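Trainee: Next comes the sequence, and after it the predicted model I'd like to discuss.
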Amino acid sequence: MRAMLIRDLRLAFRAGGGFGLGLAFFLILVVLVPFSVGPQGELLASIAPGVLWLGALLACLLSLDRLLALDFEDGTLDVLATAPLPLEAALAMKSLAHWITTGLPLVLAAPFLGILLNLPTQGFSWLVISLLLGTPALSMIGTFGAALTVGIKRGGLLMSLLVLPLYVPTLIFGAEAARRGVVGMDVQTPLFLLAGISLGAIALLPFAAAAALRMTIR
């Protein structure tokens, strides 16, 4: 399991589909937003939680088409499907590798980029907590979407259409938790719902993704 995780991390960095791409997109989005809505500090502060969460979601989406494509092309998925290691565990490791190379850097960068959007300092911690709780769901849902579309020529668009509706609850509760933290409201309800989505995705989607892959590999 550890060797597979290390391999996937190296593959993600070498393929250029993880750490750098997600952070670059996140930075570009945050830098451009003030130019589009104007320099009003109050307006930027009010939209900052939603913009940062939307940026994190789209950054995670960028690298999903490469999540399983390389392993499909070189036959690694066929080996994994017949290996003693459960395919569900292998897909969970791939999801974890995606989160480490994409979700975690976004979580760490979000407070610094929040400064560009005039995010109040009391909202920094809640933004980080909401991203920590929600981004694992984005990676796991993305792994499921990648499993459904692997092997389909130009399946990136189809995968986006399948994954984005599943991302919406995470986006809603994540942005709401960050917004409530900024204004000093109770954040427990959206955070609990966000954590529930992530736990449910981690518990159920590896099995769904493995079933989809087995149908594709046959």
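Mentor: In hand now; what should we look at? Numbers count the residues shown, from 1 in each chain.

Trainee: For the lengthiest helix in the chain, buried residues please.
Mentor: Secondary structure of the chain per DSSP state H: the longest helix is helix 188-217. Neighbour-count burial for helix 188-217, counted by 16 or more other Cβ atoms under 10 Å, picks out 190-191, 193-195, 197-198, 201-202, 205-206, 208-210, 212-213, 216-217. No exception for glycine: its C-beta is placed from N, CA and C like everyone else's.

Trainee: Can you name the residues that contact the residue of the chain most remote from its centre?
Mentor: In the chain, the residue that sits farthest from the middle, by Cα atoms, centre = their mean, is residue 40; the gap is 29.7 Å. Applying Cβ atoms under 8 Å, 6 or more residues apart in numbering, we find residue 40 in contact with no residue.

Trainee: does residue 30 sit in a helix or strand, and which one?
Mentor: Element membership for residue 30, per DSSP states H and E: helix 19-37.

Trainee: Show me what that helix is in contact with.
Mentor: 12-13, 43-44, 47, 51-52, 54-56, 58-60, 62-63, 101-102, 105-106, 109, 113, 116-117.

Trainee: and those, which of them are in helices?
Mentor: 12-13, 43-44, 47, 51-52, 54-56, 58-60, 62, 105-106, 109, 113, 116.

Trainee: how many neighbours does the closest residue to residue 150 other than its chain neighbours have?
Mentor: Closest residue to residue 150 apart from its sequence neighbours, by Cβ to Cβ, 6 or more residues apart in numbering: residue 68 at 4.5 Å. The tally of other residues near residue 68 (other Cβ atoms under 10 Å) stands at 23.

Trainee: ok, residue 68 - contacts?
Mentor: Contacts of residue 68 by Cβ under 8 Å, 6+ apart are 77, 94, 143, 146-147, 150, 213.

Trainee: Between those residues, which sits nearest residue 6?
Mentor: residue 94 (12.3 Å; Cβ to Cβ).

Trainee: pretty sure the closest one contacts residue 69?
Mentor: No. Residue 94 is beyond contact range of residue 69, at 11.6 Å (criterion: Cβ atoms under 8 Å).

Trainee: Of those two, which one has the most company?
Mentor: With neighbours defined as other Cβ under 10 Å, residue 94 and residue 69 compare such that residue 94 has more, 28 against 19.

Trainee: so what's that one up against?
Mentor: 8, 67-68, 143.

Trainee: which one among the residues you listed gets closest to residue 182?
Mentor: Using Cβ to Cβ, the contacts of residue 94 come closest to residue 182 at residue 143, 31.1 Å.

Trainee: any idea how far the closest one lies from residue 25?
Mentor: 19 Å (Cβ to Cβ, to the nearest Å).
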